[in-house]
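Student: quick check, what structure comes out for this input:
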Amino acid sequence: ERDRRRAVRELYPHMRPEVPSEDDLSRVRVAVKHAIGAYGTASAALGDASLREKLTSLANASDIGGASSNDRAMAHAKATEACAKSAGIAPTDIIDADWTGTEFSPSAFVAVDAAEGVVVLSIRGTWEAHDALTDVSSSSVPFLGGWAHAGMVASAWQVLKRMAPALATSLAKHPTFTLLVTGHSMGGGVAACVAMLLHSDDDDVKLAAAISLRRESAIDVAEQDEVLRRMALCACVCIAAPSVSSMDLSEAASAYITCVVAGADVVPRLCHASVRRLLRRLNASAPSHAMLKAFSSVLGGRDRPAEADVDSLCGGDSDNEGNDNDGDGVREIGMNSTSNAASTVGESSTPMTSPSKDGDTKRRREDAKRNKCQGAWGELEDVVGLELRDHAATDFMVQPGRVIHFKHLRSSAPTAELKHPTAFTDVTLIRT
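Tutor: As a prediction, the model looks like this:
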């Protein structure tokens, strides 16, 4: 980052950094308090509460899944009250809330913030063990004409299925309010996917919202269409969200999604490809470390077993071809093919593969390599500085929409700049 800023100053001496507007910062302020509120009874631990309140908040956070219905009801009421306190609203302003998320269905709530004139959908970040399944399901899947984080996309559909009726009803009752979608960490990534779905004019999203509107006898067809139109004009603020969308989706969403990155926070720089690159560098420093080799094998790195099937490493003819590996296993098999072939011929007189199959395998290898933002790790093993990547690759994930970077959070006047999404695509290592 330091070298990049110096290069920009040298190349463009008269260019000043672009700063966010007052409206942008005001929307971020509203989003932050609601994003913290999504943690329910644990929200005080993440806010500016006293130490006693933080400890009490953490102690109450484990009471949501009580044994009896009365225990669960009391825990739900405590979480709702803590959320309302964090968001600066009354508990009755929380229209719907789910404080017991499940796999690929994170906790979320819908609230009406009358002081700000918004209806808010806030999604909780990683807090329970099942939330980690969403985080690690990081392969890229086709999404609205681009690519996105698989776990976040699946969670976005589940959140809309549960919360769209409450959103539609709240917007219908407050015709002058706008819709704000927000979340922190994993919740921010899910919120970005939810906002993209709302803007996509998807029939399933409309149906989920229209079901609740049809129950309201006072709402006619014209009012229902107006509510759906306002839902499709939602704004989204993601707080410290991971990189979840491809470059084309990010550019298309820049008009309504704003991501907030604080300092050198590592979470916004995380995606499947950036973790692979980080492991490659760590492997270069400690190539024999058992833990690094294990993670490298899981993520498709150079330590994948050499006897793995070539077709599975190269991928088939699906849209996700090349997503689960970066060609390193193929590279190792290719390097050892001569010795392997010699030993095999000595044991059997039949050829290993036919010429046509060899051609198909080679073609799949090339296709898989083109679909990755880098080729084999060994190709850039000695590179210390700049690394070139393909922005159109299926595994090149960036921050969705515009990015506001807060450099100094504790100073009297925080320094905020608008950055390009590609500024947060790598986990940097500091040499000591």
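
Student: C-alpha only now, for contacts and for neighbours.
Tutor: Noted.

Student: hey, C-alpha coordinates of the strand or helix carrying residue 109 in CSV?
Tutor: Per DSSP states H and E, residue 109 falls inside strand 108-113. Listed next in CSV are the C-alpha coordinates belonging to strand 108-113 (Å, rounded to 0.1, in the frame of the first residue of the first chain):
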residue,chain,number,x,y,z
ALA,A,108,-30.9,-11.1,10.7
PHE,A,109,-33.6,-8.5,11.7
VAL,A,110,-35.8,-6.0,10.0
ALA,A,111,-36.4,-2.7,11.8
VAL,A,112,-37.9,0.8,11.1
ASP,A,113,-35.6,3.7,12.0
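
Student: what residues sit buried inside that strand?
Tutor: Residues of strand 108-113 classed as buried by neighbour count (16 or more other C-alpha atoms under 10 Å): 108-113.

Student: looking at these, spot the one nearest residue 418.
Tutor: Relative to residue 418, the closest of the buried residues of strand 108-113 is residue 113; by C-alpha to C-alpha it sits at 27.0 Å.

Student: for the closest one, give its distance to residue 107.
Tutor: 19 Å (C-alpha to C-alpha, to the nearest Å).

Student: still on that earlier bit, which helices and strands sit right next to the strand holding residue 109?
Tutor: strand 94-98, strand 118-123, helix 150-173 (3 or more C-alpha pairs under 8 Å, 6 or more residues apart in numbering; DSSP states H and E).

Student: quick one: mean pLDDT for stretch 128-144?
Tutor: For stretch 128-144, the mean per-residue pLDDT is 88.

Student: do stretch 195-204 as well
Tutor: Here the average pLDDT along stretch 195-204 is 91.

Student: what's the end-to-end length of stretch 243-251?
Tutor: Terminal residues of stretch 243-251 lie 13 Å apart, using C-alpha to C-alpha.

Student: so where do the strands sit in this structure?
Tutor: 94-98, 108-113, 118-123, 140-143, 146-149, 178-184, 235-239, 257-262, 402-406, 416-419 (DSSP state E).

Student: what's the closest of those to residue 225?
Tutor: Closest among the strands of the chain, using C-alpha to C-alpha: strand 178-184, at 15.1 Å.

Student: what does the closest one rub up against?
Tutor: Outside strand 178-184, the residues that touch it by C-alpha atoms under 8 Å, 6 or more residues apart in numbering are 31, 34-36, 38, 117-125, 171, 188-192, 194-195, 230-231, 233-241.

Student: please list only the buried members of these.
Tutor: By the neighbour-count criterion of 16+ other C-alpha under 10 Å, the contacts of strand 178-184 include these buried positions: 31, 34-36, 38, 118-125, 171, 188-192, 194-195, 230-231, 233-241.

Student: pretty sure residue 227 contacts residue 173?
Tutor: No - between residue 227 and residue 173 there is no contact under C-alpha atoms under 8 Å: 9.7 Å.

Student: okay, those two: which has more neighbours?
Tutor: Taking other C-alpha atoms under 10 Å, residue 227 and residue 173 do not tie; residue 227 has more neighbours (26 against 11).

Student: contacting residues around residue 113?
Tutor: Applying C-alpha under 8 Å, 6+ apart, one finds that residue 113 lies in contact with 89, 93, 119-120.

Student: swap in residue 399?
Tutor: Counting by C-alpha under 8 Å, 6+ apart, residue 399 has contacts 241-245, 250, 259, 268, 421-422, 424.

Student: show the pLDDT at it.
Tutor: Each residue has a pLDDT score; the one for residue 399 is 91.

Student: and the gap between it and residue 264?
Tutor: In terms of C-alpha to C-alpha, residue 399 sits 14 Å off from residue 264.

Student: contacts for stretch 193-200, please.
Tutor: Everything outside stretch 193-200 that qualifies as a contact, by C-alpha under 8 Å, 6+ apart, is 144, 152-153, 156-157, 159-160, 181, 205, 231-236, 253, 257.

Student: can you list the helices and strands packed on strand 108-113 in CSV and add mean pLDDT and distance to residue 23?
Tutor: Shown next, in CSV, are the helices and strands packed on strand 108-113 (pLDDT from 0 to 100; distance: least, C-alpha to C-alpha, whole Å):
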stretch, mean pLDDT, distance to residue 23
strand 94-98, 93, 25
strand 118-123, 96, 14
helix 150-173, 93, 22
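
Student: which one of those lies nearest to residue 43?
Tutor: Residue 43 lies closest to strand 118-123 among the helices and strands packed on strand 108-113, at 12.5 Å (C-alpha to C-alpha).

Student: circling back to that earlier point, winner for burial among the helices and strands packed on strand 108-113?
Tutor: Most buried of those by mean neighbour count (mean count of other C-alpha atoms under 10 Å) is strand 118-123; its value is a mean of 29.

Student: list the helices and strands it packs on?
Tutor: Secondary-structure packing of strand 118-123 (3+ C-alpha pairs under 8 Å, 6+ apart): helix 22-37, strand 108-113, helix 150-173, strand 178-184, helix 186-199.

Student: residue 407: which of the ones you listed is closest?
Tutor: Using C-alpha to C-alpha, the helices and strands packed on strand 118-123 put helix 22-37 closest to residue 407, at 14.1 Å.

Student: mind listing what's buried in the closest one?
Tutor: Neighbour counts over helix 22-37 (16+ other C-alpha under 10 Å) mark 27-28, 30-37 as buried.

Student: any chance you could list what contacts it?
Tutor: With C-alpha under 8 Å, 6+ apart as the test, helix 22-37 has contacts from 43, 46-47, 82-88, 116, 120, 122-124, 180, 182-184, 237, 239, 260.

Student: between the buried residues of helix 22-37, which is closest to residue 417?
Tutor: Closest to residue 417 out of the buried residues of helix 22-37 is residue 28 (13.4 Å), distances taken as C-alpha to C-alpha.

Student: what comes up buried for stretch 85-96?
Tutor: Of all the residues in stretch 85-96, those buried under the rule 16+ other C-alpha under 10 Å are 85-87, 89, 91, 94-96.

Student: I'd like those written out as TSV, with distance to residue 223 added.
Tutor: Formatted as TSV, those follow (distance: C-alpha to C-alpha, whole Å):
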residue	distance to residue 223
85	33
86	33
87	29
89	27
91	28
94	23
95	20
96	22
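
Student: nearest to residue 416 among these?
Tutor: For the buried residues of stretch 85-96, the residue nearest residue 416 by C-alpha to C-alpha is residue 87; the value is 23.1 Å.
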